[in-house]
Every structure is written in C-alpha cells, then in structure tokens.
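[1] next input, structure requested:
(one chain, ligands or ions: 1)
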Amino acid sequence: MADSAGQQATGDWTEPGLFIVAPGVHRIPLPLPHDALRAVNVYAIESGDDLVLVDAGWALAETGGLLDAALDRIGRNSAEITRCLVTHVHRDHYTMAVILRRRFGTHVALGIGDRPSLTAAGVAGRENMAEHVLRLERAGAGPVIAALRAAFGDAPPEREDVWELPDEWLKDQATIQLDGRELRAVATPGHTQGHTVFADLGRNMLFAGDHVLPHITPSVGFEAVMAELPLGDYLRSLRLVLDLPDMRLLPAHGPVTDTTHARVHALLAHHEDRLSACLDRIEAGAHTAYQTALELPWTRRGRRFSDLDPFNQMLAVLETGVHLDLLVAQGRLAREATGKLLTYALPGPAAR
Ligand SMILES: [Zn+2]
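    Numbering: from 1, shown residues only. Sure thing, here's the model as predicted:
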C-alpha cells in the first residue's frame, strides 16, 4: 500500500510502487533499461477532476503495466490521466507520454526550448548520435569513438517512431491551472535547452525533473541540438531555483528531500570546483577536452576515466567540453580550432 514519508527517507527509492509525497501527490518509480540512473520517478497529482503526471517514464514493454499497478493503489488507472507535464525531451521522461496519448488521448506538454532537439530526433528517427560523435571529434576523443563503435557497432540504429511533437509547448512562467491547484512552469535550460521545472508554490513543492537531483550531478547539454553555452545556461537556471522559495525537492531520479536550496548550493560549488580543476589541467599541459577528462576524477566515487564504460566516457568528455567552453566565454581560457579539433590554452601572449 502507499507508504509514509518515513519510507522515503530510509528505503531504496527505486523500489516499485506508489508512495505518498503529500496529500494528492504520489511518487511512482518506473524502470530504466540500464543501471546508471536505476529508475525514473513519475509524479501523479490528483487534484479535483484532474489526474496529472509530471514526467511519464521510458516507454518499455512493461512500463504501462507497472504504471497501472501503481495507480491501482489509489483506485485509478492510466486511462484517467488528463495530462502529462514533461520536464524535458530525454526518453526516460518523454516517450511514455507519447504512448499514453496514443492509447488514451492524454494531453502532452513539453518546454518549448526542446523543440529543436525533438524535431531533429523525429527526423533522424532517434537521438542524434552523429552529433555526439562530432563533439567527440572536436574534443580529440578518437579512442572514445573507437570504444563506442566496439561496444555498440557501426550499424545505423533502429528507427523509432516515438519522437512525436507534444500537444502544447510550454513557455517560461506559464501558469498551469489544475482543478484546485496551480503550478508554475519555470524554464530551466541546461540539462536540455527546454528543461522545465514545475513549482507548486501554494504547497511548497518543486517538481524538479533532472535539473536538481539529490545524489548525482545532472549531465549538461546531452541533446541532439546543443545550446551555445549549455553550462552557462545551467548555472543560471540553478540560480533561478534560489530565487524561488526553498521548497521540497521532488526529483526525477533519487528520493524526495526537504530542500531545493541546499542541493543547488552544492551543485553550484561542484561546478566551481570542476571549472578550477579544468583550468588546472590546461595549465599543467592538457590541450583538448579529452586530455583534460583523462586527468579528472569521475563520479561521486572519484573513479578514473579509464574505468568508465564507453558511454560514460563519452558523457565525461562532453561534460569536460562544456566546462572548457564556459571558461573560454569567461575569458579564462583561449580556444583555437584546427580542422574539427578544438584546443585550449591560457589566454594572452603566454598561451602560445
Ligand atoms: Zn532523466
């Protein structure tokens, strides 16, 4: 049966079921096909005649059944969902919304900043891996490209038809009127260009998607069409959360916690540390994002780059690239392009 808040603090947040966060707000963890993030939280809001999902999950064969089993605990089912508010276009958040719409006509809303990436994914039939390979080439990460090819092969991926457009593109500061409850959509570009969080200011809750996660640092700019300076956007969007009241944090991955502000301060400090560490590596002789990534510790456990799997090596290199590019924008590094390859150095005459 639906559990109390105590379970949330101590238990495994990925355990399947339906968990009460607050009256009318339920957390439903749904599975992901690989381990890294372990599960995705979908939040079901019951408000008068409305049954709304914030994020919808990854459209796996079993997702619909698990969602119904969870909703059954409050005597509801997927056919009653009136709309899906999706925080961003990544497949663990968006694709099940498309399936629900096909089955039940559910209304789907997504932040308008994700339109370029969703359109690109729709055209390519998938997320645009070629774009990521190009970014790896710019980073001088040939060995990572080779490792990815060895792990996933060279064949073009299967076409998918889940990348349909939403019914509604959400704009920043849009008011979402539910029956007896109001949410404010706040555009928080960074994790993706269109990432949007939903604030229930009356009840002091932030549906944070992947913008603020309690245990991990969200990736930045991993999308088919990347912003000019995704890390700059992300840090600005973190500060937007500090402009809102300190609320309960309802993240898409990880347990519910009591404060958004404490975690935002920690994430800002983390990126400050990473920016200085990148600067140190360039000062010590690294020239490319790949060389820099090789020298940095990764994950919460401080693992070596060489111990990461090829997919996470790719994320690590891309992550390093967005840090170096922000340092360039801040005037703390200079960047030069030779063909595709981008190299970085300290600015000024001493750099050459
Ligand atoms: Zn996610």
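[2] buried set for stretch 213-233?
    Of the residues in stretch 213-233, 213-214, 218-227, 229-233 count as buried by neighbour count, 16 or more other CB atoms under 10 Å. Glycine gets a C-beta too; all of them are placed from N, C-alpha and C.
[3] again but with stretch 310-320, I slipped
    310, 312-320.
[4] contacts only, for the residue in the stretch 101-250 of the chain that the ion sits nearest to.
    Nearest residue of the stretch 101-250 of the chain to the ion: residue 210, at 4.4 Å (CB to the ion). Going by CB atoms under 8 Å, 6 or more residues apart in numbering, residue 210 touches 87-88, 90, 93, 191, 195, 218, 251-253.
[5] now render the residues you listed as a markdown table, adding pLDDT.
    A markdown table is the format used below for the contacts of residue 210 (pLDDT from 0 to 100):
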| residue | pLDDT |
| --- | --- |
| 87 | 98 |
| 88 | 97 |
| 90 | 93 |
| 93 | 97 |
| 191 | 96 |
| 195 | 98 |
| 218 | 93 |
| 251 | 98 |
| 252 | 98 |
| 253 | 96 |
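[6] tell me which of these fall in strands.
    Using DSSP state E, residue 251 are the members of the contacts of residue 210 that sit in strands.
[7] avg pLDDT for stretch 290-302?
    Averaged across stretch 290-302, the pLDDT comes to 92.
[8] how far does that stretch sit from the chain's center?
    Distance of stretch 290-302 from the chain centroid (CA atoms, centre = their mean, to the nearest Å) equals 20 Å.
[9] what's the span of that stretch, first residue to last?
    End-to-end distance of stretch 290-302 (CA to CA, to the nearest Å): 17 Å.
[10] outside of it itself, list whatever touches it.
    136, 139-144, 215-216, 274, 277-278, 281-282, 284, 286, 303-306, 308, 312-313, 316-317, 319-320, 324, 344.
[11] same check, this time on stretch 11-26
    Stretch 11-26 has contacts (CB under 8 Å, 6+ apart) with 2-5, 7-8, 27-31, 38-39, 41, 43-47, 66, 69-71, 73-74, 181, 203, 205, 248, 250, 254-256.
[12] and these, which of them are in strands?
    When DSSP E is applied, those are split such that 27-31, 39, 41, 43-47, 181, 205, 248, 250 fall in strands.
[13] so who does the closest residue to the ion within the stretch 51-200 of the chain touch?
    With CB to the ion, the shortest gap between the stretch 51-200 of the chain and the ion falls at residue 92, namely 4.5 Å. Contact analysis of residue 92 by CB under 8 Å, 6+ apart lists 32, 37, 40, 57-58, 252.
[14] stretch 37-46: which residues count as buried?
    Those would be 37, 39-46, for stretch 37-46 by 16+ other CB under 10 Å.
[15] that one close to the ion?
    No - Stretch 37-46 stays clear of the ion (CB under 5 Å from the ion), getting no nearer than 5.7 Å.
[16] now stretch 79-94, how far from the centre of its chain.
    With CA atoms, centre = their mean as the basis, stretch 79-94 stands 14 Å off its chain's centre.
[17] per-residue pLDDT, residue 161?
    Reported pLDDT for residue 161: 79.
[18] which secondary structure state is assigned to it?
    coil (DSSP: H, G, I helix; E, B strand; the rest coil).
[19] neighbours around it, how many?
    8 (other CB atoms under 10 Å).
[20] skipping adjacent residues, who's closest to residue 343 in space?
    Once flanking residues are discounted, residue 343 sits nearest to residue 287: 4.5 Å by CB to CB, 6 or more residues apart in numbering.
[21] give me every residue in the stretch 101-250 of the chain lying close to the ion.
    Within the stretch 101-250 of the chain, the positions adjacent to the ion are residue 210 by CB under 5 Å from the ion.
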